[in-house]
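Novice: Provide a 3D model corresponding to the input given below.
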Amino acid sequence: MPSELLSIPKAIHAVWLGKLPPTEVLDNMQHWKQTNPTFSVKLWIDSATYSEEEKTKELPKLLQWAKKNQIIICDLSLAAHESKDNLLGKNELYSSMPGKQFYDDELTGQYRNLAAASDLLRVEILQEEGGIYIDAKDMLPGNPILEHFKLSYGFAYHDCGYGKLNNDLMASIPHGTIISEYRKQIIENYKNLYQNPQLLQAHRNKNLRSPKFYTGADPRFISTLRTSGPGLLSALIEQLMHFVVPIPEAKMPIYDVNESFLHMPKELFNIPEHGSDVSWNDFNLSYDMIKPYLFNYLCEYWSTKMDEAMAMVDQSIAKSNKGGLSFLTNYFYRPNLELHDCKNMLQIIKNRLDTLPRALSPEDFYRACSSNLEEQSMGQFEDILPGFWEQFHYSFSSFDARFSLCQKEILDKDFHQAVLHVSVVGVDPGWKDFVALFVGLKEKPDDISHLRGMVEQIAAKNLSSFRQI
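Specialist: Next up is the predicted model:
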């Protein structure tokens with residue numbers, strides 16, 4: 001157990017971006033204040049995104065309500081000297097955000113993503129001010145918070161049960177190691193996105209999909225979960241369990257970390273009947289609803305296989321180049337030229353795998369991947385990588401049949417967990433084996449038995465130790 005419990009500031013934070021908060025949000029903020037009268041309750045807004053009518057007519061009403069109910073409105077668009085009554089200017093916090101550019105980009109434009117902007121802001125608030133963050137709409141108060149609320153390791157999160165967690169409820173000391181690491185990894189994820197225009201486009205545009213995000217019904221939703229939301233927090237907590245992140249605040253070795261010490265006490269909050277944002281992850285989903293997850297799983301599998309195939313072709317090119325031929329002779333050396341053509345075709349297919357629209361059927365997806373490729377190049381491809389293209393075609397053309405076989409032969413709950421297990425967080429080392437078995441699945445007892453065994457293994461791991469959203 002930790003050698004020291006760390007006190008957090010007596011502040012409850014909520015964020016509402018893009019428009020003025022609705023009545024249900026204001027009622028919830030009021031309820032939190034009534035339940036915890038000695039805590040400051042702060043509602044964070046960004047009035048720069050409001051229309052002129054909202055600023056002149058509706059914002060004054062919000063400030064009047066806040067003053068009446070002892071709620072503090074924190075506005076990122078105002079400087080500190082513009083503060084008055086229950087309105088605090090927090091432009092300094094906004095201006096100093098390491099992720100300021102990413103926050104601005106998520107908040108504006110044709111494909112603005114308010115959930116992602118909120119992820120960035122909530123982490124920044126806890127980093128700089130500490131306290132408790134709650135989702136303004138989906139997290140209701142429970143019992144009063146202890147007067148001197150203390151945390152093990154200076155951080156706590158919402159444990160949803162069954163190995164799931166969420167960032168809709170978090171608590172932290174200011175500048176704590178865990179919240180600092182969370183912020184750092186968010187920034188790194190965004191930098192990686194911005195370095196890859198194709199992934200960034202798929203992250204932004206709802207009409208595109210990328211298997212890099214193991215997308216289901218909404219690719220941008222899953223992308224947000226893994227870039228800045230619960231998926232990233234889940235991976236961070238998993239790292240904590242494996243001695244990756246030091247926690248000097250606790251004055252103890254990392255191997256003493258007990259995950260249960262990081263859970264927010266369940267008696268302090270309630271979840272409304274309609275459920276929080278984690279309710280989408282339901283193991284009772286129909287097969288049709290989890291089908292997109294497995295399909296995108298398949299796309300990621302083949303994207304990785306394209307990388308492996310290009311590496312093999314590179315090795316062949318390197319061996320050919322060692323033959324002592326001059327550059328000019330080597331360029332016109334037919335087998336070497338064919339190798340370069342093969343690699344170029346692999347790269348084209350990989351790019352299409354990563355960016356094609358998500359609404360395509362498996363058969364149409366295959367046709368889109370292979371369109372406009374010369375028959376001569378296809379023949380050379382088969383000579384260099386025998387059977388590769390045939391297996392690629394079979395994977396997509398027989399997808400529906402193999403999925404129906406799984407539906408018939410494998411228990412629903414286990415199959416759901418196996419598919420969703422990596423679709424959301426995407427860090428399980430056994431996913432390639434799982435998809436490889438699915439790709440080669442035929443109606444044979446041994447094949448079905450092997451896949452069922454792997455499904456049960458993944459499902460058991462998910463329930464026992466893996467941090468899923």
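
Novice: Show me which positions of the top helix by length along the chain end up buried.
Specialist: Scanning the chain for the helix with the most residues, using DSSP state H, yields helix 287-321. For helix 287-321, the neighbour count (16 or more other Cβ atoms under 10 Å) marks 290-306, 309-310, 312-313, 316-317 as buried. In short, each C-beta sits where N, CA and C put it, glycine included.

Novice: who does that helix touch, helix- and strand-wise?
Specialist: Applying 3 or more Cβ pairs under 8 Å, 6 or more residues apart in numbering; DSSP states H and E, we find helix 287-321 packed against helix 334-355, helix 362-370, helix 388-397, helix 399-409, helix 412-424, helix 431-439.

Novice: pLDDT averaged over it, what's the number?
Specialist: Mean pLDDT, computed over helix 287-321, is 79.

Novice: go on, stretch 58-73?
Specialist: The model assigns stretch 58-73 a mean pLDDT of 96.

Novice: least reliable of the helices and strands packed on helix 287-321 going by mean pLDDT?
Specialist: It's helix 412-424: among those, that one has the lowest mean pLDDT, namely a mean of 55.

Novice: residue ranges for the helices of the stretch 1-150 of the chain, please.
Specialist: 23-35, 52-53, 59-69, 91-95, 100-107, 114-128 (DSSP state H, counting those that start in this stretch).

Novice: any idea which of the ones you listed is most buried?
Specialist: Most buried of the helices of the stretch 1-150 of the chain by mean neighbour count (mean count of other Cβ atoms under 10 Å) is helix 114-128; its value is a mean of 23.

Novice: tell me the angle of it relative to helix 100-107?
Specialist: Per axes from the mean of the first three to the mean of the last three Cα atoms, to 10 degrees, the angle that helix 114-128 makes with helix 100-107 is 150 degrees.

Novice: Can you show me the CA trace of helix 114-128 as PDB?
Specialist: The C-alpha trace of helix 114-128 is given here as PDB (Å, rounded to 0.1, in the frame of the first residue of the first chain):
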ATOM      1  CA  LEU A 114     -15.700  18.700 -29.300                       C
ATOM      2  CA  ALA A 115     -15.000  15.400 -27.500                       C
ATOM      3  CA  ALA A 116     -11.400  15.500 -28.400                       C
ATOM      4  CA  ALA A 117     -11.100  19.200 -27.500                       C
ATOM      5  CA  SER A 118     -12.700  18.300 -24.100                       C
ATOM      6  CA  ASP A 119     -10.100  15.500 -23.600                       C
ATOM      7  CA  LEU A 120      -7.300  18.000 -24.100                       C
ATOM      8  CA  LEU A 121      -8.800  20.600 -21.800                       C
ATOM      9  CA  ARG A 122      -9.800  18.300 -18.900                       C
ATOM     10  CA  VAL A 123      -6.200  16.900 -18.700                       C
ATOM     11  CA  GLU A 124      -4.800  20.400 -18.800                       C
ATOM     12  CA  ILE A 125      -7.100  21.600 -16.000                       C
ATOM     13  CA  LEU A 126      -6.100  18.700 -13.700                       C
ATOM     14  CA  GLN A 127      -2.400  19.200 -14.700                       C
ATOM     15  CA  GLU A 128      -2.500  22.900 -13.700                       C
END
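
Novice: contact partners of it?
Specialist: 13, 15, 17-18, 44, 76, 93, 97, 99, 102-103, 106-107, 131, 133, 167, 170-172, 174-176, 179-180, 182-183, 186, 221, 224, 227-229 (Cβ atoms under 8 Å, 6 or more residues apart in numbering).

Novice: my guess is residue 240 contacts residue 178, does it?
Specialist: Yes: between residue 240 and residue 178 there is a contact at 7.4 Å, judged by Cβ atoms under 8 Å.

Novice: Between those two, which is the more surrounded one?
Specialist: residue 178 (26 against 22; other Cβ atoms under 10 Å).

Novice: Quick check: the gap between the more buried one and residue 129.
Specialist: Residue 178 is 16 Å from residue 129, where distance means Cβ to Cβ, to the nearest Å.

Novice: How about residue 195?
Specialist: 31 Å.

Novice: Which residue of the two possesses the greater neighbour count?
Specialist: residue 129 (20 against 9).

Novice: Could you pull up the contacting residues of the more buried one?
Specialist: Here residue 129 is in contact with 9, 11, 13, 174 (Cβ under 8 Å, 6+ apart).

Novice: change it to 6 Å
Specialist: Going by Cβ atoms under 6 Å, 6 or more residues apart in numbering, residue 129 touches no other residue.

Novice: now do the one 3 residues further on
Specialist: Taking Cβ under 6 Å, 6+ apart as the criterion, residue 132 is in contact with 12, 171.

Novice: And the pLDDT at it?
Specialist: Residue 132 is given a pLDDT of 92.

Novice: partners of it in the sheet?
Specialist: With beta bridges defined as DSSP bridges, residue 132 has these partners: residue 12, residue 171.

Novice: circling back: can you select the buried ones from the contacts of helix 114-128 in ChimeraX?
Specialist: A single ChimeraX command is used to select the members of the contacts of helix 114-128 judged buried by 16+ other Cβ under 10 Å:
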select :13,15,17,44,76,93,97,99,102,103,106,107,131,133,167,170,171,172,174,176,179,180,182,183,186,221,224,227,228,229
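
Novice: How much space separates the closest residue in space to residue 70 that isn't next to it in sequence from residue 54?
Specialist: Leaving aside its chain neighbours, residue 70 sits nearest to residue 33 (5.8 Å; criterion: Cβ to Cβ, 6 or more residues apart in numbering). Going from residue 33 to residue 54 by Cβ to Cβ gives 24 Å.

Novice: Would you state the predicted confidence (pLDDT) at residue 185?
Specialist: Taking residue 185 on its own, its pLDDT is 94.

Novice: which SSE is it in?
Specialist: helix 177-194 (DSSP states H and E).

Novice: So if we follow the domain assignment, how does the protein break up?
Specialist: Using automatic domain parsing, the domains assigned to the chain come out as 5-280, 281-469.

Novice: Is residue 360 in a helix, a strand, or coil?
Specialist: coil (DSSP: H, G, I helix; E, B strand; the rest coil).

Novice: That one - how many residues pack around it?
Specialist: The burial count for residue 360: 16, using other Cβ under 10 Å.
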